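A.B. asks: Structure, please.
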Amino acid sequence: MSNNGKVSVIIPTYNEKENIALLIKELKSLLSDFEFEVVVVDDNSPDGTYKKVDEEFKKDKRVKAILRENKRGLGTAILHGIKNSKYPIIVGMDADFNHPPEIIPRMLRELSNSDLVVASRFIKG
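C.D. replies: Numbering: from 1, shown residues only. From the prediction side, this is the model:
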């Protein structure tokens, strides 16, 4: 696998308190064979998404919560996460399970033959 399988999963959030802990736990399980980090970039969610991540995962060095108090936007949140990530492989995903986390290990394995892997719900297989 290129880049030694070191992966940063960037998750932009806004009002995802109900989903985020479940997603992070699933990612930790799915990525146990990889060196990884999960970078949650929260745009000051009024539901306390940032606080939930910070409290529940503060002892896990693989999970990083970033609070953006005065900024909004999916694209800039992902870019902010990339700039604050430490690994060369970047996976961007939604916190609401719209992007199925179980495909990430397969995507990472595909990197041994490719420079870029993109998942699509519009293409079979």
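A.B. asks: Next, give phi and psi for residue 11.
C.D. replies: Main-chain dihedrals, residue 11, degrees, to the nearest 10: phi -130, psi 100.
A.B. asks: Can you get me a residue count around it?
C.D. replies: Residue 11: 28 surrounding residues under other Cβ atoms under 10 Å. C-beta coordinates here come from the backbone N, C-alpha and C atoms, glycine included.
A.B. asks: For it, which residues are in contact?
C.D. replies: Taking Cβ atoms under 8 Å, 6 or more residues apart in numbering, we find residue 11 in contact with 20, 23, 38, 39, 40, 41, 81, 92, 93, 94, 95.
A.B. asks: Give me the pLDDT value at it.
C.D. replies: In this model, residue 11 is scored at 98, pLDDT.
A.B. asks: Out of the contacts of residue 11, which sit inside helices?
C.D. replies: When these are checked against helices using DSSP state H, the ones located there are 20, 23, 81.
A.B. asks: which ones are touching the last one?
C.D. replies: Spelled out, it's residue 81. By Cβ under 8 Å, 6+ apart, residue 81 lies in contact with 8, 10, 11, 12, 39, 41, 66, 92.
A.B. asks: Quick check: residue 26 is in a helix.
C.D. replies: Yes: applying DSSP: H, G, I helix; E, B strand; the rest coil, one finds residue 26 inside a helix.
A.B. asks: Verify the stated contact: it with residue 99.
C.D. replies: No: between residue 26 and residue 99 no contact is recorded; they are 11.7 Å apart, counting by Cβ atoms under 8 Å.
A.B. asks: Okay, residue 21 and residue 99: tell me how far apart.
C.D. replies: In this structure, residue 21 lies at 17 Å from residue 99, with Cβ to Cβ, to the nearest Å as the measure.
A.B. asks: What strands line up against whatever helix or strand residue 7 lives in, and which way round?
C.D. replies: Under the assignment given by DSSP states H and E, the secondary-structure element containing residue 7 is strand 6-13. Using DSSP bridges, the strands paired with strand 6-13 in its sheet are strand 35-42 (parallel), strand 89-92 (parallel).
A.B. asks: The worst-scoring helix or strand of the chain on mean pLDDT: which residues count as buried?
C.D. replies: One helix or strand of the chain scores below all others by mean pLDDT, DSSP states H and E: helix 104-110, with a mean of 92. Buried residues in helix 104-110, defined by neighbour count with 16 or more other Cβ atoms under 10 Å: 104, 105, 108.
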